[in-house]
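*Asks:* Sequence and predicted model, in that order:
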Amino acid sequence: MRCFGWARSGHIGSVTVLTVAYIEIKQRKDGQVCYVVRWRANGSRTGKRESEIFDDRKAAERFRDLVKGHGEQWPPGWIRGQGFVADLCGPEEMFEPFAMKQIELLTGVQGDTRAKYRRLVEQNMSPWFKSYSVRDGEGGITREMVQRWVNDLAAGRPAPHDPKDRRPRTKYKPKTIANQHGLLHAILQAAVDAEPPLRSTNPCDFTRLPRLDGEQVEEEMVFLEREEFAWVHRCLAEDARDLAEALAETGARWGEVTALQPRDLCRRNGLPAIRIQRAWKRDEDGRPYLGAPKTKKSRRTIVITSRLERMLRRRAKGKAPDDLLFTGPEGGRWDAGTFRRLRWVPAIERAAQEFGLTKRPRIHDLRHSHASWLIAAKVPLPAIQARLGHESITTTVDRYGHLLDALDGEVLAAVEWAMDPAAPLPGFLLHSGLADAMKGMPQLPHQSPGAMPNGWTGAADVTWPGPVHGIGPVFVVTLAGREVPFADRDLAQQVVDQWNDDHAEEMDALRACGWPEDKVTLRGATGPEERERWTGGGPVWRRMPSRQLVHSATVAYRADGTLAHEPLPVTSRWTWEFEQETFTLSAAEHRTALRPDGTMETHIRGINKAAVREVFDRVCGGTAKACAQRSHSIVERTHS
């Protein structure tokens, strides 16, 4: 008899050595060799003796590793003397082939992301799950297996089913484990959603993941104070300072800032800005290329300071529109690894020596620091979300929510303001432009019913640009059938891009309803079209028109004071300054008209939703009362 794969148990002093599975080579009566895997249940000296016989040595080794991986117990789904029932399913239902197929079918991911997913499956999932099927039942992946996998990643334990993987593994951080668990969940969900389904539930649904508390978040992200960034900036090499300044001031990602080109310099609402419309990506072979930004919300316009604009225009001088604004030492693309090694790390070390910097930020931490500066300045989270290009506000809250304690006072002010339109405007809105629009807001509940010249009660003054005289080229855009002229091509292009972003969901909904593409396109924006002169009505715009999210509602009453129809909920729509019939700067305004059929119809609109709701409720009551009085007087005149 021969044995291999060390085993046995005993005592060394007061320490018990646990028994582990081993293989014993035996000869049958017919002279054939067999391989017996032996172990004690749970690895205990007193545990029940267990064994399984194999004709093939490699099969015995695989089974031995399965026993070890399951704590010296029978592997789940194994039937003694028969093996896994999963052996009856096709190879395409085993974990690794199935996972690789699902990764290949993914849409909306760039090449290097797909390659990264494959590596994660090969290195961090298959060593645990490759012997199992994605099907339900015997030999399938269970919740317990997924939980053991998560625990092993957190503890840095080696993979149980890979005899070559005996080395200590990395102890993964909670966020990394959560990301990998998300990938595994998506793979196994595909088995649930298959036609016909391969399994009824996802074994990842109830996994307990390592907790990512506030302290661990701070370990993941490094937030630089403004003074600390100034130290690092001063210690950077001359050719790296502009790039670091752009990263810190915009909060944009490395791949977005290093992809900026002269044609991305623009203006928004009269302020200097940059357009984020491309970013560096990598294909499956790791080669860099310029592609669309990370998500739909990542395609955005960011306002910048005049100082940064001057620096960017200085760098753009003499360059072609599609040249890179930031280039490396050799004149090409700045590689992140090269920048980190040759510029960033030396600057951090120098800042530690000269200024006592104790933090060790990564380049990406400039983005986190930017967000923390905005939060400290009490900028609302939706504005931060839009600036950073987060697809969901949830991402912004999850990432930076632990920094929000400083906003408690502003939160209370906002609640008070929302509940009482007469309350002072919250501090974080004082310089937002809303303050000017809301002048007189405290008197809103007591405003007199006198109508403004345009028929709107409570309307704010809007100064429209005058006509531009003279001959010169204009750039005309067509917005849902409306032609609007601009004196500057870049301004016109920005309006087209923003209009299409604002109406993207509406147009997608029309397509889903079966509208032909030519009619859907009429709701969007096209242009700009260059013309020698503007011959239409209205002004030629030399600045960026204002744009406001206008909330509106309509209610109609019959002559007897009853509702003509159930009022629709308050709706919201982005409205431009050139849409004079719908644009407003008022917090809330209303207009009432008597229709030919005798009903009184009231329209309410404004840029403050709470104020619009308040006016809606107040005006509805007044309109109903007026209708009832009018009806009563008519009845009296009839009887008299």
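*Replies:* Looks like it came in fine.
*Asks:* Please enumerate the strands of the stretch 201-350 of the chain.
*Replies:* 265-268, 271-276, 279-282, 288-291, 300-303 (DSSP state E, counting those that start in this stretch).
*Asks:* Could you export the helix or strand that Thr176 is a member of as PDB, CA atoms only?
*Replies:* According to DSSP states H and E, Thr176 maps onto helix 174-193. C-alpha atoms of helix 174-193 as PDB (Å, rounded to 0.1, in the frame of the first residue of the first chain):
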ATOM      1  CA  PRO A 174     -14.700  44.900   0.800                       C
ATOM      2  CA  LYS A 175     -15.300  47.100  -2.200                       C
ATOM      3  CA  THR A 176     -13.300  44.700  -4.500                       C
ATOM      4  CA  ILE A 177     -15.200  41.700  -3.100                       C
ATOM      5  CA  ALA A 178     -18.500  43.500  -3.700                       C
ATOM      6  CA  ASN A 179     -17.500  44.200  -7.300                       C
ATOM      7  CA  GLN A 180     -16.400  40.600  -8.000                       C
ATOM      8  CA  HIS A 181     -19.600  39.300  -6.300                       C
ATOM      9  CA  GLY A 182     -21.600  41.600  -8.600                       C
ATOM     10  CA  LEU A 183     -20.000  39.900 -11.600                       C
ATOM     11  CA  LEU A 184     -20.700  36.400 -10.300                       C
ATOM     12  CA  HIS A 185     -24.300  37.500  -9.600                       C
ATOM     13  CA  ALA A 186     -24.700  38.700 -13.200                       C
ATOM     14  CA  ILE A 187     -23.300  35.400 -14.500                       C
ATOM     15  CA  LEU A 188     -25.600  33.200 -12.400                       C
ATOM     16  CA  GLN A 189     -28.600  35.500 -13.100                       C
ATOM     17  CA  ALA A 190     -28.200  34.600 -16.700                       C
ATOM     18  CA  ALA A 191     -28.800  30.900 -15.700                       C
ATOM     19  CA  VAL A 192     -32.000  32.000 -14.000                       C
ATOM     20  CA  ASP A 193     -33.100  34.000 -17.000                       C
END
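*Asks:* got the buried residues for that helix?
*Replies:* For helix 174-193, a neighbour-count test (16 or more other Cβ atoms under 10 Å) marks 174-177, 180-181, 183-192 as buried. The C-beta positions use only the backbone N, C-alpha and C, and glycine is treated the same way.
*Asks:* Any idea how far that helix is from the middle of the chain?
*Replies:* Distance of helix 174-193 from the chain centroid (Cα atoms, centre = their mean, to the nearest Å) equals 18 Å.
*Asks:* Quick one: list the elements packing against it.
*Replies:* helix 95-105, helix 111-120, helix 143-155, helix 214-220 (3 or more Cβ pairs under 8 Å, 6 or more residues apart in numbering; DSSP states H and E).
*Asks:* hmm, back to that, pick out the lowest-pLDDT one from the buried residues of helix 174-193.
*Replies:* Across the buried residues of helix 174-193, the bottom pLDDT score, 84, is held by Lys175.
*Asks:* For it, give its distance to Glu483.
*Replies:* Distance, Lys175 to Glu483, by Cβ to Cβ, to the nearest Å: 50 Å.
*Asks:* Same question for Ala41.
*Replies:* 82 Å.
*Asks:* likewise Leu271?
*Replies:* Using Cβ to Cβ, Leu271 is found at 26 Å from Glu483.
*Asks:* Next one, pLDDT for Val635 please.
*Replies:* 39.
*Asks:* going forward can the numbers begin at 155, since that is how I track them
*Replies:* Will do, 155 is the new start, and the previous item becomes Val789.
*Asks:* Counting neighbours, what do you get for Ala394?
*Replies:* By the measure other Cβ atoms under 10 Å, the count of residues near Ala394 is 21.
*Asks:* can you check Val191 too?
*Replies:* By the measure other Cβ under 10 Å, the count of residues near Val191 is 23.
*Asks:* for the one 4 residues further on, same thing?
*Replies:* A total of 16 residues lie near Ala195 under the criterion other Cβ under 10 Å.
*Asks:* mind checking how far it is from Glu292?
*Replies:* Ala195 sits 20 Å away from Glu292, going by Cβ to Cβ.
*Asks:* circling back: quick one: closest of the strands of the stretch 355-504 of the chain to His705.
*Replies:* His705 lies closest, by Cβ to Cβ, to one member of the strands of the stretch 355-504 of the chain: strand 419-422, at 22.2 Å.
*Asks:* Who are the contact partners of the spatially most central residue of the chain?
*Replies:* Centroid-nearest residue in the chain, with Cα atoms, centre = their mean: Glu545, separated by 2.9 Å. Going by Cβ atoms under 8 Å, 6 or more residues apart in numbering, Glu545 touches Thr449, Lys450, Lys451, Ser452.
*Asks:* and if we set it to 10 Å?
*Replies:* Listed by Cβ atoms under 10 Å, 6 or more residues apart in numbering, the contact set of Glu545 reads Lys448, Thr449, Lys450, Lys451, Ser452, Gln539.
*Asks:* Find the nearest non-adjacent residue to the second one, please.
*Replies:* For Thr449, the nearest residue in space outside its immediate sequence neighbours is Glu545; the separation is 4.5 Å by Cβ to Cβ, 6 or more residues apart in numbering.
*Asks:* How about the fifth one?
*Replies:* On the basis of Cβ to Cβ, 6+ apart, the spatially nearest residue to Ser452 that is not a chain neighbour turns out to be Gly543, at 3.8 Å.
*Asks:* Could you tell me how many residues sit around Trp488?
*Replies:* 20.
*Asks:* That one reaches Ala394, doesn't it?
*Replies:* Yes: with contact defined as Cβ atoms under 10 Å, Trp488 counts as touching Ala394 (8.7 Å).
*Asks:* Now list whatever residues contact both of the two.
*Replies:* Phe480, Gly482, Arg497.
*Asks:* for the residue nearest to the second one when sequence neighbours are not counted, what are its contacts?
*Replies:* This means Gly482. The shortest distance from Gly482 to any non-neighbouring residue, by Cβ to Cβ, 6+ apart, is to Trp488 (4.4 Å). Taking Cβ under 10 Å, 6+ apart as the contact definition, Trp488 lies against Asp393, Ala394, Leu397, Trp408, Val411, Thr412, Trp434, Leu478, Phe480, Thr481, Gly482, Arg497.
*Asks:* how much space between Trp488 and Trp434?
*Replies:* 9 Å.
*Asks:* same question, Gly760
*Replies:* For Gly760, the distance to Trp434 equals 43 Å [Cβ to Cβ].
*Asks:* Kindly report the domain assignment for the protein.
*Replies:* Per automatic domain parsing, the domain ranges recorded for the chain read 156-229, 245-366, 380-553, 587-614+697-794, 620-694.
*Asks:* Tabulate those domains (TSV), appending distance to Gln236.
*Replies:* Below are the domains of the chain laid out as TSV (distance: least, Cβ to Cβ, whole Å):
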stretch	distance to Gln236
domain 156-229	10
domain 245-366	10
domain 380-553	41
domain 587-614+697-794	63
domain 620-694	51
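*Asks:* Which of those comes out lowest on mean pLDDT?
*Replies:* Note on the domains of the chain: lowest mean pLDDT is at domain 587-614+697-794, with a mean of 64.
*Asks:* returning to what we had before: and the buried ones among the contacts of Glu545, selectable in ChimeraX?
*Replies:* A single ChimeraX command selects the buried members of these (16+ other Cβ under 10 Å):
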select :448,451,452,539
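*Asks:* Dump the contacts of Glu545 to JSON lines, plus distance to Cys358.
*Replies:* JSON lines is the format used below for the contacts of Glu545 (distance: Cβ to Cβ, whole Å):
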{"residue": "Lys448", "distance to Cys358": "25"}
{"residue": "Thr449", "distance to Cys358": "24"}
{"residue": "Lys450", "distance to Cys358": "27"}
{"residue": "Lys451", "distance to Cys358": "27"}
{"residue": "Ser452", "distance to Cys358": "28"}
{"residue": "Gln539", "distance to Cys358": "28"}
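*Asks:* Out of the contacts of Glu545, which is nearest to Gly678?
*Replies:* Lys450 (15.4 Å).
*Asks:* measure the closest one to Arg665 for me?
*Replies:* Distance, Lys450 to Arg665, by Cβ to Cβ: 16 Å.
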